[in-house]
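S.K.: okay, here's the prediction I keep looking at, along with the sequence it came from:
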Amino acid sequence: MEDRYVKIAKVSDFDGLRFRKYTLLARNVAIFRDADGSMYATEISCKHQNWDLTTGKFEGDIVTCPRHGWVYNVRTGDCLTHESTRLRRYGLKIEGEDVYITLLPVEEA
(Lines give C-alpha, C1' and ligand atoms only; values in the text may rest on other atoms or scores of the structure.)
Protein backbone atom coordinates (compact mmCIF):
# COMPACT_ATOMS: atom_id res chain seq x y z
CA MET A 1 0.00 0.00 0.00
CA GLU A 2 1.33 3.40 -0.95
CA ASP A 3 2.15 5.75 1.92
CA ARG A 4 -0.34 8.58 2.17
CA TYR A 5 1.17 11.97 2.86
CA VAL A 6 -0.64 14.99 4.25
CA LYS A 7 0.52 18.59 4.20
CA ILE A 8 1.19 19.59 7.78
CA ALA A 9 3.39 22.70 7.74
CA LYS A 10 5.53 25.15 5.83
CA VAL A 11 9.32 25.04 6.04
CA SER A 12 9.22 28.65 7.26
CA ASP A 13 7.16 27.52 10.29
CA PHE A 14 10.46 26.15 11.66
CA ASP A 15 12.48 29.35 11.38
CA GLY A 16 14.42 29.59 14.63
CA LEU A 17 12.88 26.37 15.99
CA ARG A 18 14.35 22.90 16.56
CA PHE A 19 10.93 21.21 16.45
CA ARG A 20 7.18 21.70 16.31
CA LYS A 21 4.57 19.37 17.77
CA TYR A 22 1.41 18.21 15.98
CA THR A 23 -1.47 15.83 16.64
CA LEU A 24 -2.02 13.38 13.82
CA LEU A 25 -4.79 10.77 14.10
CA ALA A 26 -4.77 11.22 17.90
CA ARG A 27 -0.98 10.67 18.11
CA ASN A 28 1.54 13.27 19.25
CA VAL A 29 4.12 13.71 16.51
CA ALA A 30 7.03 16.15 16.32
CA ILE A 31 8.82 17.33 13.24
CA PHE A 32 12.45 18.09 13.94
CA ARG A 33 14.70 20.38 11.91
CA ASP A 34 18.46 19.94 12.06
CA ALA A 35 20.96 22.78 11.70
CA ASP A 36 21.55 21.74 8.07
CA GLY A 37 17.82 22.15 7.33
CA SER A 38 17.03 18.43 7.06
CA MET A 39 13.83 17.31 8.75
CA TYR A 40 12.33 14.15 10.20
CA ALA A 41 9.13 13.18 12.04
CA THR A 42 8.82 11.02 15.16
CA GLU A 43 6.12 10.02 17.61
CA ILE A 44 6.73 12.08 20.74
CA SER A 45 4.81 10.26 23.50
CA CYS A 46 6.79 8.27 26.07
CA LYS A 47 6.09 4.55 25.87
CA HIS A 48 5.94 4.32 29.66
CA GLN A 49 2.93 6.51 30.42
CA ASN A 50 2.33 8.38 27.17
CA TRP A 51 3.92 11.59 28.56
CA ASP A 52 4.65 14.41 26.10
CA LEU A 53 8.40 14.17 25.46
CA THR A 54 8.55 17.70 24.07
CA THR A 55 8.31 18.87 27.70
CA GLY A 56 11.49 16.95 28.51
CA LYS A 57 15.15 17.88 28.49
CA PHE A 58 16.81 17.72 25.05
CA GLU A 59 20.52 17.25 24.37
CA GLY A 60 20.89 17.00 20.61
CA ASP A 61 18.76 14.06 19.45
CA ILE A 62 18.43 12.69 23.00
CA VAL A 63 15.40 13.56 25.15
CA THR A 64 14.71 12.60 28.76
CA CYS A 65 11.08 12.20 29.75
CA PRO A 66 10.33 14.51 32.69
CA ARG A 67 7.84 12.04 34.18
CA HIS A 68 10.08 9.06 35.07
CA GLY A 69 13.38 9.69 33.27
CA TRP A 70 13.07 7.35 30.30
CA VAL A 71 15.58 8.42 27.63
CA TYR A 72 15.01 8.29 23.86
CA ASN A 73 16.88 9.08 20.69
CA VAL A 74 14.22 10.99 18.73
CA ARG A 75 16.06 10.50 15.44
CA THR A 76 16.08 6.68 15.64
CA GLY A 77 13.17 6.20 18.05
CA ASP A 78 15.27 3.95 20.30
CA CYS A 79 14.64 3.89 24.04
CA LEU A 80 18.07 4.11 25.66
CA THR A 81 17.10 3.17 29.22
CA HIS A 82 14.71 0.22 28.86
CA GLU A 83 13.87 -2.72 26.61
CA SER A 84 10.93 -0.80 25.23
CA THR A 85 9.03 -0.41 22.03
CA ARG A 86 10.62 2.25 19.84
CA LEU A 87 9.03 5.59 19.13
CA ARG A 88 7.33 5.34 15.75
CA ARG A 89 8.85 7.20 12.83
CA TYR A 90 6.87 8.94 10.10
CA GLY A 91 7.76 9.48 6.46
CA LEU A 92 8.47 13.11 5.64
CA LYS A 93 8.95 14.92 2.37
CA ILE A 94 9.33 18.54 1.37
CA GLU A 95 7.88 19.93 -1.84
CA GLY A 96 8.83 23.54 -2.36
CA GLU A 97 7.90 25.28 0.89
CA ASP A 98 5.40 22.60 1.99
CA VAL A 99 6.16 19.86 4.55
CA TYR A 100 4.28 16.56 4.23
CA ILE A 101 4.27 13.55 6.55
CA THR A 102 2.70 10.12 6.30
CA LEU A 103 -0.63 9.57 8.02
CA LEU A 104 0.66 6.36 9.55
CA PRO A 105 4.08 5.45 10.94
CA VAL A 106 6.49 3.86 8.49
CA GLU A 107 7.57 0.25 8.98
CA GLU A 108 11.06 -0.15 10.36
CA ALA A 109 13.31 -2.67 8.64
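M.R.: Right, received. Where do you want to start? A quick note: this is a predicted structure, and the numbers were derived from the prediction, not measured.

S.K.: where does the protein have low pLDDT?
M.R.: 1-2, 108-109 (pLDDT under 70).

S.K.: taking the centroid of it, which residue is nearest it?
M.R.: residue 42 (2.2 Å; Cα atoms, centre = their mean).

S.K.: surely that residue meets residue 78?
M.R.: No - if you go by Cβ atoms under 8 Å, residue 42 and residue 78 don't touch, sitting 10.7 Å apart. Bear in mind the C-beta positions are built from the backbone N, C-alpha and C, glycine included.

S.K.: list residues touching both of those two?
M.R.: residue 87 (Cβ atoms under 8 Å, 6 or more residues apart in numbering).

S.K.: can you give me the buried ones in stretch 66-78?
M.R.: Residues of stretch 66-78 classed as buried by neighbour count (16 or more other Cβ atoms under 10 Å): 70, 71, 72, 73, 74, 77.

S.K.: that older thread, what residues are up against the residue nearest to the centre of the chain?
M.R.: 29, 30, 32, 74, 75, 77, 87, 88, 89, 90.

S.K.: swap the cut-off to 10 Å and go again
M.R.: 19, 28-32, 53, 61, 63, 72-77, 86-90, 92, 105 (Cβ atoms under 10 Å, 6 or more residues apart in numbering).

S.K.: ok, residue 55 next?
M.R.: Counting by Cβ under 10 Å, 6+ apart, residue 55 has contacts 21, 44, 63, 65, 66, 67.

S.K.: how about the residues you listed, which pair is most distant?
M.R.: 21 and 67 (16.4 Å; Cβ to Cβ).

S.K.: returning to that earlier point: buried only: go through the contacts of residue 42 for me.
M.R.: For the contacts of residue 42, buried by 16+ other Cβ under 10 Å: 19, 28-32, 53, 63, 72-74, 77, 86-90, 92, 105.

S.K.: quick check: the nearest residue to residue 27 once chain neighbours are set aside vs residue 71, distance?
M.R.: Leaving aside its chain neighbours, residue 27 sits nearest to residue 43 (6.0 Å; criterion: Cβ to Cβ, 6 or more residues apart in numbering). According to Cβ to Cβ, to the nearest Å, residue 43 and residue 71 sit 15 Å apart.
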